[in-house]
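Participant: Dropping the sequence and predicted coords here.
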Amino acid sequence: MGSESYSKLPFLDFSKPELTKPGTPQWESLKSQVRQALEEYGCFEASFDKISAEIRTAVFESLEELFDLPLQTKLRNASKKPFHGYVGQYPQVPLYESMGIDDADTPEKVENLTKTLWPQGNPRFSKTIQSYSEQLSEFDKMVRKMIVESFGLEKYMDEHIDSTNYLLRVMKYKGPKTPDTKIGLHSHTDKNIVTILYQNQVEGLEVQTKDGGWIKFQPSPNSFIVMIGDSLNAWLNGRLHSAFHRVMMSGNEARYSLGLFSIPKAGYIIKAPEEVVDEEHPLVFKPFDHVEFLKFYYSEAGQRAPSALHAYCGV
Ligand SMILES: O=C(O)CCC(=O)C(=O)O
Ligand SMILES: [Fe+2]
């Protein structure tokens, strides 16, 4: 297949007021569109209007302020977990920098990080990041409720939602300032449950289709990308699709993006419920602990494998 495709990702409208009530015809219709999009593309573009324009604008001002801090200050946000602290200055991805904020929906946690970066305080930063994360986590739960319902797994709903934490990772990709396109972030699948991406007006995100083409995402201020990760796909016995995606940069302008990642808690064993395993759908993945899976993913063997998940726990 060619390396480029001009098709678009499925677009789903979550800004209808009826959607606050599960069970309405609108809910049911959107639920089946979510299922279809995730089976075919592993992601979709969503319009979601519960985050005010003020917060959305403030988020990008906060990101600029954060990445403009001296490197020594950014490095103070260290984490033992890969990609949970400050990441940057990697020769393989020289345009890329990111900062992880664990439990970004919890005020005290965000406040702690803020104090690490700005000892004198920065209430606007804390408030913006925490409100954004909390409001978007409601959207994550809504989408996951639809997915769980669509597989008839309602009895696992509370366990499923309670088994995850939220990591907000904020990213900056410098413009390469060259005539040709440069890599921003290498192609990968996400390893978590659900990722919700949001970004400024600078293009760069590309999603691979099942036939190998790349869809270039054209951002708009009201649009979020909802994408599933390998752990959710494993829990659903491989019944959805987790998409490879990458960031390709061109031009002079910096791209700022945010990903809200729902991540399985340490020690929680991801095991496909019996309802999604049958003769037509034999078990694809053995039960696993997400933290152990990540250790494998970041090992040499994990980095080499075309699918780290299959290599780690494929049946
Ligand atoms: O910057 C983006 O839009 C994508 C980031 C991404 O794929 C990731 O952090 O896993
Ligand atoms: Fe990703």
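Facilitator: Okay, I see it. Numbering: from 1, shown residues only. Ligands and ions are numbered 1, 2, ... in the order given.
Participant: Show me the shaky parts of the stretch 1-150 of the chain.
Facilitator: Where the stretch 1-150 of the chain drops to pLDDT under 70, the residues are 1-6.
Participant: how about the helices in the stretch 1-150 of the chain?
Facilitator: 25-40, 53-67, 71-74, 107-117, 123-150 (DSSP state H, counting those that start in this stretch).
Participant: of the ones you listed, which approaches ligand 1 most closely?
Facilitator: Ligand 1 sits nearest to helix 53-67 of all those, at 11.5 Å, using C-beta to the nearest ligand atom. For the C-beta atoms, the positions are set from N, CA and C on the backbone; glycine is no exception.
Participant: now the closest one against helix 123-150, angle please.
Facilitator: Helix 53-67 and helix 123-150 are oriented at 120 degrees to each other (axes from the mean of the first three to the mean of the last three C-alpha atoms, to 10 degrees).
Participant: which helices and strands sit right next to helix 53-67?
Facilitator: strand 96-102, helix 123-150, strand 164-173, strand 255-264 (3 or more C-beta pairs under 8 Å, 6 or more residues apart in numbering; DSSP states H and E).
Participant: I'd like these laid out as CSV, including mean neighbour count.
Facilitator: Shown next, in CSV, are the helices and strands packed on helix 53-67 (neighbours: other C-beta atoms under 10 Å):
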stretch, mean neighbour count
strand 96-102, 22
helix 123-150, 19
strand 164-173, 22
strand 255-264, 24
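Participant: still on that earlier bit, can you list the helices of the stretch 1-150 of the chain in CSV and add distance to S187?
Facilitator: Formatted as CSV, the helices of the stretch 1-150 of the chain follow (distance: least, C-beta to C-beta, whole Å):
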stretch, distance to S187
helix 25-40, 19
helix 53-67, 24
helix 71-74, 26
helix 107-117, 29
helix 123-150, 24
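Participant: what's around G121, how many residues?
Facilitator: Residues contacting G121 under the criterion other C-beta atoms under 10 Å number 11.
Participant: that older thread, tell me which of the helices of the stretch 1-150 of the chain lies nearest to W214.
Facilitator: W214 lies closest, by C-beta to C-beta, to one member of those: helix 25-40, at 15.4 Å.
Participant: how far out from the middle of the chain is that closest one?
Facilitator: 19 Å (C-alpha atoms, centre = their mean, to the nearest Å).
Participant: Then stretch 13-22?
Facilitator: With C-alpha atoms, centre = their mean, you get 22 Å for stretch 13-22.
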